[in-house]
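In: Predicted model follows, preceded by the sequence.
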Amino acid sequence: MKNGSTLFLKAVIYLIGLLVLGICILLIGGMVSGNAGMFLPLMLGMLVSAVPFFYALYQGLLLLRYIDTNTAFSESSVRAIKTIKLCAGGISALYALLMPYLAYVAEIDDAPGVVLLGLVFIFATLVTSVFAAVLEKLLRNAIDIKSENDLTV
């Protein structure tokens, strides 16, 4: 496979990473300026969730490198997808832990739509985790079939 075949996906991963990095810088700026107020725990939760997010992006880049080098059907690819699944599940769990406080802040601030936005973050990362689990299982089955075929030849 050509090295440029995954160039678009790599560019998208880098752009998403830069966007999230910019949001993190804005969050840190808001916390340092002292304007966070009652939103400080939510801002800290968002910053903590950035760590597994960036690690999942790194694993995605590794997966694309495996595809470029024709080693997509390997145990290292399965490990990368499993790591992405665990990172997405961790982010979803972290946001689920923050939901009661978000509901409290939304009630005080009289902004009920914020709770719906929080649920969107939870379910989006949960869908990503489930999708990665399905991909992991499919890839593992494909590797098993490939190794079985290699043994029969």
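Out: Perfect, thanks for sending it. Here the structure is a predicted model, which means the values were calculated and not measured.
In: Could you report the neighbour count for the residue lying closest to A72 once chain neighbours are set aside?
Out: Among residues not flanking A72 along the chain, Y66 sits closest, at 5.2 Å (Cβ to Cβ, 6 or more residues apart in numbering). C-beta: built from backbone N, CA, C; applies to glycine. Residues near Y66, counting by other Cβ atoms under 10 Å, number 17.
In: Quick check: which element contains Y66?
Out: helix 40-68 (DSSP states H and E).
In: If you average the pLDDT over that helix, what comes out?
Out: When the per-residue pLDDT values of helix 40-68 are averaged, the result is 95.
In: Please tell me I have it right and the residue nearest to A72 contacts S77.
Out: Yes - between Y66 and S77 a contact is recorded at 5.0 Å, counting by Cβ atoms under 8 Å.
In: Can you give me the buried ones in stretch 121-141?
Out: 121-122, 125-126, 128-129, 132-133, 135-136, 139-140 (16 or more other Cβ atoms under 10 Å).
In: same check, this time on stretch 7-26
Out: Per 16+ other Cβ under 10 Å, stretch 7-26 contains these buried residues: 10, 13, 17, 20, 24.
In: How about stretch 66-83?
Out: Within stretch 66-83, the residues that qualify as buried are 66-68, 72-73, 77-78, 80-83, counting by 16+ other Cβ under 10 Å.
In: Tell me which two in those are the farthest apart.
Out: Distance extremes for the buried residues of stretch 66-83: the farthest pair is D68 and K82 at 20.2 Å, using Cβ to Cβ.
In: Among the buried residues of stretch 121-141, which are located in strands?
Out: When DSSP state E defines the strands, the subset of the buried residues of stretch 121-141 inside them is empty.
In: Since that was my last question, I'll sign off now.
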